[in-house]
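Visitor: Need a 3D model of the following:
(one chain, ligands or ions: 1)
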Amino acid sequence: MLRNEQVGKTSSPESRYESEIRTFLEFCADPRKAFSGTVLPNELVFLEELVTKANAVEGPIIEIGTLFGFTTQHIANWKKTEKKLITVDDFTWNPIGFENETHRAFTNRILYFLFENANTELYGNSNTEFYHQYNGETPSMVFIDASHRYVDVSVDIKWAKGCNIPIISGHDYSKDFPGVTRAVNEAFGEENVQTVGTVWAVSNQT
Ligand SMILES: C[S@@+](CC[C@H](N)C(=O)[O-])C[C@H]1O[C@@H](n2cnc3c(N)ncnc32)[C@H](O)[C@@H]1O
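Guide: From the prediction side, this is the model:
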């Protein structure tokens, strides 16, 4: 997967946009890349179950790691309209190779309808900044899908546990992301983790 810093820097905005558009078209043309980084259709079924459970509990749903807002839109579609959804991203990574500001603008435009109609907010900064400033209601659910490094996922889980969030879940629990599985297993014990595909969840909501 491409990282922002691997994309060649060009001298003018025009040539940078051309380069980004070319990368985007290559991305669209390769079906293997098209779902890169996002939740897959077979995993969405489980995510829907989790959101349905969260609907029965007070408090917002938090998504850590928005990317382009594809999963955000599914969550928004399943949640009760009045329930708040906060999605958090610092735009440091995307599979297309968009520059940070392009990625930010693109995702904001994709999510415009949700901002206007579905009680959804995008917090455009890091997970740790979000945790530091958050003083709202105890969330009903968190979906952790930002950095997949062990230290970072551990920080996400520590915050979620510290807030007593009843449904703690995330993505990419697989051998491809040993940092995720290690952090999740250490925090909850492997036997307590439910998975469908690579979506994982620990829930005290029956
Ligand atoms: C795997 S993608 C998220 C995919 C998204 N949940 C989906 O299903 O479509 C990871 C996202 O996390 C963001 N990210 C990485 N590290 C972050 C951090 N420390 N704080 C906030 N966002 C971060 C990246 O910019 C990227 O957009």
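
Visitor: Who are the packing partners of the lengthiest helix in the chain?
Guide: In the chain, with assignment by DSSP state H, the single longest helix is helix 13-29. Judged by 3 or more CB pairs under 8 Å, 6 or more residues apart in numbering; DSSP states H and E, the packing partners of helix 13-29 are helix 31-34. C-betas here are computed from N, CA, C, even on glycine.

Visitor: how near is the spatially most central residue of the chain to the ligand?
Guide: The geometric centre of the chain, computed from its C-alpha atoms, lies nearest to Gly65 (CA atoms, centre = their mean), at 2.9 Å. Distance from Gly65 to the ligand, counting by CB to the nearest ligand atom, to the nearest Å: 3 Å.

Visitor: buried ones in stretch 160-175?
Guide: 160, 163, 165-173 (16 or more other CB atoms under 10 Å).

Visitor: Can you measure across that stretch, start residue to end residue?
Guide: 23 Å (CA to CA, to the nearest Å).

Visitor: Shouldn't Trp200 be within a strand?
Guide: Yes - assessed with DSSP: H, G, I helix; E, B strand; the rest coil, Trp200 lies in a strand.

Visitor: since we're on Glu137, how many residues are nearby?
Guide: Neighbour count for Glu137, taken as other CB atoms under 10 Å: 11.

Visitor: Then Ile86?
Guide: 21.

Visitor: per-residue confidence averaged over whichever helix or strand it is part of?
Guide: Per DSSP states H and E: Ile86 is located in strand 85-88. The average pLDDT within strand 85-88 is 98.

Visitor: Quick check: next helix or strand after the lowest-mean-pLDDT helix or strand in the chain?
Guide: Lowest mean confidence among the helices and strands of the chain (mean pLDDT, DSSP states H and E): helix 31-34, at a mean of 68. Toward the C-terminal end, the helix or strand that comes next after helix 31-34 (DSSP H and E) is helix 41-55.

Visitor: What residues of that next one count as buried?
Guide: Neighbour-count burial for helix 41-55 [16+ other CB under 10 Å]: 43-44, 46-47, 49-51, 53-54.

Visitor: Excluding covalently adjacent residues, which one is nearest to Ala183?
Guide: Val153 (3.8 Å; CB to CB, 6 or more residues apart in numbering).

Visitor: can you list the residues of this protein near the ligand?
Guide: 37-39, 65-67, 70-71, 88-94, 126-127, 145-147 (CB under 6 Å from any ligand atom).

Visitor: Please flag which of these sit within helices.
Guide: 70-71, 127.

Visitor: Quick one: low-confidence residue ranges for this protein.
Guide: 1-11, 31-32, 34, 205-206 (pLDDT under 70).

Visitor: go again using 90 as the cut-off
Guide: Applying pLDDT under 90 to the chain flags the ranges 1-38, 40-41, 95-98, 204-206.

Visitor: Please state the offset of the helix or strand containing Ile168 from the chain centre?
Guide: Assigned by DSSP H and E, Ile168 belongs to strand 167-170. With CA atoms, centre = their mean, to the nearest Å as the basis, strand 167-170 stands 11 Å off its chain's centre.

Visitor: wait, Cys94 sits on Thr66?
Guide: I think there's a mix-up here, since residue 94 is Asn and not Cys. No - using CB atoms under 8 Å, Asn94 is not in contact with Thr66; the gap is 10.1 Å.
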